[in-house]
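structure for the following, please:
(2 chains)
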Amino acid sequence: MTEPLDAARLCWHCDAGAFDFETTDDLEDHTDVLGQKRAVEAIRFGIDMDYPGYNIFAFGPEGIGKHTVVNRALEGRAAGEPVPDDWCYVSNFEDPHRPRAISLPAGRGAELRADMARFVDDCRAALHTAFESEEYRTRRQVFEEELKERNEEAMADIEREARESDIALLRTPVGFAFAPIRDGEVTSPDVFKKMPADERKKIEQDINELQDRLKIVLQHAPVWLKETRDHVRQLNEETARFAVGHLIDSLCERYTELPQVVSYLKQVGGDVVDNVGAFLAGPEKARPEEGVEPEDGPALFRKYRVNLIVDNGGRDSASVIYEDNPIYDRLIGRIEQRAQMGALLTDFNLIRPGALHRANGGYLLLDARKLLLSPMAWEGLKQALKSGEIRIEPPARALGLLSTLTLDPEPIPLKVKVALVGERFLYYLLQQHDPEFDELFKVGADFDEQIDRSSDTVQLYARLVATVARKEKLLAFDRGAVAAALEAASRRASDSMKISTHVEGLTDLLREANHHAATAGRKAVAAEDVRAAVEAQIYRSDRIRERVQEEIKRGTFLIDTAGASVGQVNGLSVIAIAGFAFGRPNRITARVRVGRGEVIDIEREVALGGPLHSKGVLILSGYLSARYATDKPLSLTASLVFEQSYSGVEGDSASSAELYALLSAIAEAPLKQSLAVTGSVNQTGQVQAIGGVNEKIEGFFDVCAGRGLTGEQGVLIPKSNVEHLMLHERVVKAAKAGKFHIYSVETIDEGIEILSGMRAGKAKANGTFPTGTFNHKVERRLAEFAEARRAFGAAAAHGSND
Amino acid sequence: MIDTRLSALKRILLALDASERGASAIDIATLLAAGLEAELEGVFVEDAELIKAAGLPFTRLVHSQAGAVGPLDARLMRRALAARAERAQRDLAAAAGRRGVTWSFRITSRQVAEEVTGQPERRDLITVAGSAVAARLPEDCSALWLNEKCRVPGAVLLLFDGGERTFATAAELARIFGCPLKLLISSVPLTGDLQRRVSDWLAERGQSLVIERLDPASETAIQDAVRRETAPLLVLERSGEPGRALDVRTLLRETDCSVLGLC
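Model (predicted):
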């Protein structure tokens, strides 16, 4: 018969005496990552690979410090790299809808911006001076006078000629007209009619000739006007070019080594000359006072401004940018609009940079989940990485939903290393479903949630506790407290041989332990403070666990913890709610009768059983057939059920319990109800490891403890789960006192012996089991079922023949 | 306090015709009426000569913008004049409304000279623009001849005759038009006492003064002085020297200034 496990194997107790420090004040910081060698190497590799697509996806559970590790690695690398260029958008005078992007060495973008602001002021002053000069006005007046003289002379000639023929040129509201005059007055129609016919005819002829001549003069007038305008335009160009030429030349000299800037400045010069009227229309000084930039300068001059979207002046290395809210606009950049008179207007000054612009030439760190949850952001990032340039366009246009006129800024070349940080399932999902993912994120950095427990890692963990305590400005932790924290870390890992690397969980625990110590007035955090913090964490979360326990105690949920029953066993399940998991016993029952070899899983029949549970139940049929019915048909129908289960059942960890219940029902042999069972089973009857072993044991222990420990109670677990045991002290104490037992079993036979108190019995050479054993009872009952079925089948056949 | 020649002015009589400059003339006249708190009376003079000419059987219109020749008759001319008069009235109503000026408007078919000669009193200011500047205006009332370009004055130039009230009037006009005041002095001395009083008076009103000496005050010298300003308003005493000798029409034609003759 299998003996219960020794209490020492139920939990790993960290030996505080093995530490060579008194408190964590004696320990140095642990600045490296605890464990995670694989992930750290992957990150370093990703950073070193200066090729497209070698971006990094750091994945693993939340709270284990992925972000910190990646950020530290990126910062370390960026510190030795050159400062990236500044970037700015300027007007494209040839195509205003495609603003030009210009790069300048770090710091010079701000210089250019200031220079251009001054240039506009200087330009206005210079142009006003030039165009208000006596010389310019005189030269312009000469052209205007010339035009006036040409018009007047032409009209005067006609007027004079008309007057010589006693004809007046009249200016009417609708044009010119000629009329004969007598004594300085226009001849009335009556007088005209009384004139001799030849005189009337001559007047008419004269007037016709004058009209023809006037027509020619008037047709010439627009030509003369255009000539004058051309002259004035040429004069304006000459004057403007002279006035602003030296300003442009001096700016070009300052940026002579930057051909892009020089080319832009020359275009500015040309545009100023073309638009000199705009400069002269406004006041000489638009600014209220020197050095104070108006919030939104005159619209006319906005096109000469420099929109500095990336200013790396003041930096001494490449940048590492973390965008906390990676929505499309904040990632790729956006084009803002201003409402004016009910219309939305924009220009290149309203182009706003995204995180990619700021990180260009350096590193960009993003949370994968946030990125994927932001509409279009993931697609936008991939597009930028694939094309190697940042193209700012409204998301609606990228989707083809926007056709209104907007800007199409020149794309900016992109060279950035992107590091995504996220959960493991996101990495696998992307890998599986996004064909571009592997091409763009070639480096996966897999963070482990636990590390092996060894003397080295225990020491390192102690230093990690010291580091967190100092960083969080907590009291020092004494060696006992550190040991307690290590035990908690092992429990979190659900493995006595492992330590959880969940830094966030550790930090929370240390803060809360510190609170307990401070409340108690201690100068250093002690083990009881850590344990109190652990208990408090459990207490804050275990309302539902308590309610379940209460209902069991009150008999609402039927769980026996004493006596023996046929076809009934205590199974164990785990309920996890909001990060807190606890075990709950479930009564599993089985009923059998003659049938056609079916094991009916009632959970599955009512769609409450998941696929893994159903698989476990189907395995039972295989086990029964192979073990007990090799030479005859399996002639039973069995039904299995999780009693009082009102939600789904998933997993196969109860399959051994179901098998025990089934065997008990077949053999009609009672099983001890003081025991509970967990473990999955295979077709050969081996009991296999399951998860949540600690919670399951504690769940049944609490039920038993609530009713009073009898010394008969205990739990059967798979042998392969023994190393996972990190049971609560209350369970360990009871086990030590012989009041509660943990049995580790490898096979169903071992389990059945503990549960039934009978020998299981080994199959003999002929395949039968020795009389008086549990298996013999099963074998015999199954044979009876087979015989009954055969007899029933024969009778039925005979009846039908009759 | 120095009294101005305009303080007694009660009415501005604005003679309008079919010329293109009507709206600008209305703008200046309402600005002046508002500044002087005078009533503005617009008189649109329909040129009888035009209607007469339109009645001739062979008269044709030569359109100034296209050079095209079209038919012309008295009906068309009347309609064109009526349209122009209506627009003048609308412009006058709008400008007067904006500046809170009391106004009236009428249309007459008499000649400008006939119209204004029969109407004015000494307390009137006759304002003429366009072809009406050619009309001979009565000597016993103040008159404002607006230049063809009809721009709001950029400076007020006073052809100074030594009169304190003339000076004060020019200063008042400079205030109304919001432009600088310049004194053109020839033979008339600006006495120390007058200069002090003038300076005090101007300082009280936040105005400044520029003095330019004309030697001699010939027509050419006046034209040169006028040309140095942008669209100035030349103020002179109609009955005094050298204003009496000045040919207003030549000045209007040769320069871009307007002329205000005080009476």
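
rest of the way, CA atoms for contacts and neighbours
Fine.

interface residues of chain A facing chain B?
Proximity of chain A to chain B (Cα under 8 Å from any Cα of the partner chain) is limited to residues A:170, A:172-179, A:185-189, A:192, A:204, A:207, A:211, A:214-216, A:218-219.

doesn't residue B:58 lie inside a strand?
No: per DSSP: H, G, I helix; E, B strand; the rest coil, residue B:58 lies outside any strand segment and is coil.

what is the neighbour count of it?
19 (other Cα atoms under 10 Å in any protein chain shown).

ok, so what distance separates the closest residue to it other than its chain neighbours from residue A:156?
In space, and not counting its chain neighbours, residue B:58 is closest to residue A:204: 6.6 Å by Cα to Cα, 6 or more residues apart in numbering or on different chains. Relative to residue A:156, residue A:204 is positioned 20 Å away (criterion: Cα to Cα, to the nearest Å).

higher neighbour count, the two?
residue A:204 (18 against 14).

show me the contacts for residue A:13.
Residue A:13 sits next to A:483, A:487 when contact means Cα atoms under 8 Å, 6 or more residues apart in numbering or on different chains.

at 7 Å instead, please
residue A:487 (Cα atoms under 7 Å, 6 or more residues apart in numbering or on different chains).

related to what we said a few turns ago, make a ChimeraX selection of the buried ones in the residues of chain A next to chain B.
Entered in ChimeraX, the line below selects the buried ones among those, by 16 or more other Cα atoms under 10 Å in any protein chain shown:
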select /A:170,172,173,174,175,176,177,178,179,186,187,188,192,204,207,211,214,215,218,219
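
what's the neighbour count on residue A:234?
12.

and the helices in the stretch 151-263 of chain B, which stretches?
B:164-177, B:192-204, B:219-227, B:248-254 (DSSP state H, counting those that start in this stretch).

and these as CSV, adding mean neighbour count and mean pLDDT?
Shown next, in CSV, are these (neighbours: other Cα atoms under 10 Å in any protein chain shown; pLDDT from 0 to 100):
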stretch, mean neighbour count, mean pLDDT
helix B:164-177, 21, 83
helix B:192-204, 14, 74
helix B:219-227, 16, 83
helix B:248-254, 15, 82
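
format those as JSON lines; extra columns: distance to chain A.
Formatted as JSON lines, these follow (distance: least, Cα to the nearest Cα, whole Å):
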{"stretch": "helix B:164-177", "distance to chain A": "19"}
{"stretch": "helix B:192-204", "distance to chain A": "27"}
{"stretch": "helix B:219-227", "distance to chain A": "11"}
{"stretch": "helix B:248-254", "distance to chain A": "10"}
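
narrow the residues of chain A next to chain B to those in strands?
A:170, A:172, A:175-179, A:185-186 (DSSP state E).

tell me the two of those residues that are most distant?
With Cα to Cα as the measure, no two of those lie farther apart than A:175 and A:185, at 19.4 Å.

so how far is stretch A:460-469 off the chain centroid?
30 Å (Cα atoms, centre = their mean, to the nearest Å).

for stretch B:166-180, that is, sorry about that
Going by Cα atoms, centre = their mean, where stretch B:166-180 is centred and where its chain is centred differ by 14 Å.

swap in stretch A:247-263?
That offset, for stretch A:247-263, works out to 43 Å (Cα atoms, centre = their mean).

going by neighbour count, list what's buried in it.
Counting neighbours by 16+ other Cα under 10 Å, stretch A:247-263 gives A:247-248, A:251-252, A:255, A:261-262 as buried.

check contacts around the residue nearest to residue A:548 when sequence neighbours are not counted.
Closest residue to residue A:548 apart from its sequence neighbours, by Cα to Cα, 6+ apart: residue A:584 at 7.6 Å. Taking Cα under 7 Å, 6+ apart, we find residue A:584 in contact with A:572-574, A:696, A:699-700.

quick one: contacts of the helix or strand containing residue A:752?
Following DSSP states H and E, one finds residue A:752 within helix A:748-756. Outside helix A:748-756, the residues that touch it by Cα under 7 Å, 6+ apart are A:1-2, A:660, A:670-672, A:685-687, A:745, A:759-760.

one more time with 6 Å
A:671-672, A:685, A:759-760 (Cα atoms under 6 Å, 6 or more residues apart in numbering or on different chains).

same question, stretch A:354-370
A:84, A:310, A:318-323, A:330-333, A:414-422.

looking at the residues you listed, which are in helices?
A:330-332 (DSSP state H).

got any ranges where the stretch 51-200 of chain B has weak pLDDT?
Within the stretch 51-200 of chain B, the stretches with pLDDT under 70 are B:65-67, B:111-123, B:187-191.

tell me the residues of it that contact chain A?
Contact residues (Cα under 6 Å from any Cα of the partner chain) of the stretch 51-200 of chain B with chain A: B:52-53, B:55-56, B:61-64, B:67.

ok so residue A:301 is a helix residue?
Yes: with three-state DSSP as the criterion, residue A:301 is located in a helix.

next one: phi and psi at the nearest residue to it once chain neighbours are set aside?
Closest residue to residue A:301 apart from its sequence neighbours, by Cα to Cα, 6+ apart: residue A:120 at 7.3 Å. Backbone dihedrals for residue A:120, given as degrees, to the nearest 10, come out at phi -60, psi -40.

confidence score at residue A:120?
In this model, residue A:120 is scored at 89, pLDDT.

so what's the residue count around it?
21.

how close does it get to chain B?
27 Å (Cα to the nearest Cα, to the nearest Å).

repeat that for residue A:4.
Per Cα to the nearest Cα, residue A:4 is found 107 Å from chain B.

wait, that residue sits on residue A:742?
Yes: using Cα atoms under 6 Å, residue A:4 makes contact with residue A:742 at a distance of 5.3 Å.

more neighbours: which of those two?
residue A:742 (24 against 18).

looking at this, that one is in a strand?
Yes: per three-state DSSP, residue A:742 lies within a strand segment.

OK, contacts around it?
Per Cα under 6 Å, 6+ apart, neighbours of residue A:742: A:4-5, A:714-715.

out of those, which one sits closest to chain B?
Ranked by distance to chain B (Cα to the nearest Cα), the contacts of residue A:742 are led by residue A:715 at 100.1 Å.

got the phi and psi for the closest one?
phi -130, psi 140.

and it, how many neighbours?
23.

same question, residue B:110
The burial count for residue B:110: 14, using other Cα under 10 Å.

ok, the closest residue to it other than its chain neighbours - how many residues close by?
Closest residue in space to residue B:110, ignoring its immediate chain neighbours: residue B:45 at 6.5 Å, by Cα to Cα, 6+ apart. Residues near residue B:45, counting by other Cα under 10 Å, number 22.

residue B:45 and residue B:106 touch, don't they?
No: using Cα under 6 Å, residue B:45 is not in contact with residue B:106, being 8.7 Å away.
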